Every structure is written in C-alpha cells, then in structure tokens.
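Participant: What follows is a predicted structure for the sequence shown.
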Amino acid sequence: MKTLKKVNKKIKETIGDFRLVKGLGYFYVVSDDIALDLKLATLESTSIHVCHLTHQSLEDWLEDVREIVDKISGR
C-alpha cells in the first residue's frame, strides 16, 4: 500500500531533501532544508494537481517532484 510516508521516503532517497505535503485537492513540494525551501518559494508553483496519492504510481510522483526540483537547479 502506498502511503505519503513511503512516497516521501523514496523521494528523499532518490531526489534529495524534498517531500510532498497534502493540500486540499492537490500536493505540493517542500524541503526541510531552508536554502532549498527558499529556492522552491521562488517558483510560480510547486503544486502537483492530483487529488489522492493513489491516483499516480510511485514513479509518476518521483517524476513530478523531479520536474519541480529541476526548475530550481536550472535544468
């Protein structure tokens, strides 16, 4: 079973110090690292417009987070 805790663990292992947070009808990406979180704050959006965690595969979640993280690293 996919849980937010498991998805966030995989994000941390494969992408870095980032995690998903549940909003109302969407998720968004944050970081506990202040410098990374400030960089995320400069983006127009860090939202992933998916209502439920189970509506995407783990691979899709990782891809979505990578796309957002790539924007702050200039890729």
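Facilitator: Sure thing, it's come through.

Participant: got the buried residues for the helix or strand harbouring L20?
Facilitator: Using DSSP states H and E, L20 maps to strand 19-22. Under the neighbour-count criterion of 16 or more other C-beta atoms under 10 Å, strand 19-22 has 19-20 buried. C-betas here are computed from N, CA, C, even on glycine.

Participant: ok, whichever helix or strand comes after it: who's next to it in the sheet?
Facilitator: Sequence-wise, the next helix or strand downstream of strand 19-22 (DSSP H and E) is strand 27-30. Strand pairing for strand 27-30, determined by DSSP bridges: strand 19-22 (antiparallel), strand 47-48 (antiparallel).

Participant: what residues does the helix or strand following the last one touch?
Facilitator: To tie it back to what came earlier, the one meant is strand 47-48. Next along the chain after strand 47-48, taking DSSP H and E as the criterion, comes helix 58-72. Residues outside helix 58-72 that contact it (C-beta atoms under 8 Å, 6 or more residues apart in numbering): 2, 7, 10-11, 14-16, 18, 20, 29, 36, 39-40, 42-43, 46, 48, 53, 56.

Participant: and the residue lying closest to V29 once chain neighbours are set aside, what does it touch?
Facilitator: Nearest-residue entry for V29: T46, 4.4 Å, with adjacent residues in sequence omitted and distances by C-beta to C-beta, 6 or more residues apart in numbering. The contact partners of T46, taken as C-beta under 8 Å, 6+ apart, are 28-30, 40, 68.

Participant: Ok, C51 next?
Facilitator: 25-26.

Participant: and what of K10?
Facilitator: Per C-beta under 8 Å, 6+ apart, neighbours of K10: 58, 62.

Participant: Give me the phi and psi for it.
Facilitator: Backbone geometry at K10, expressed as degrees, to the nearest 10, gives phi -70, psi -40.

Participant: Can you tell me which of the contacts of T46 are buried?
Facilitator: The neighbour-count test (16+ other C-beta under 10 Å) applied to the contacts of T46 identifies 28-29, 40, 68 as buried.
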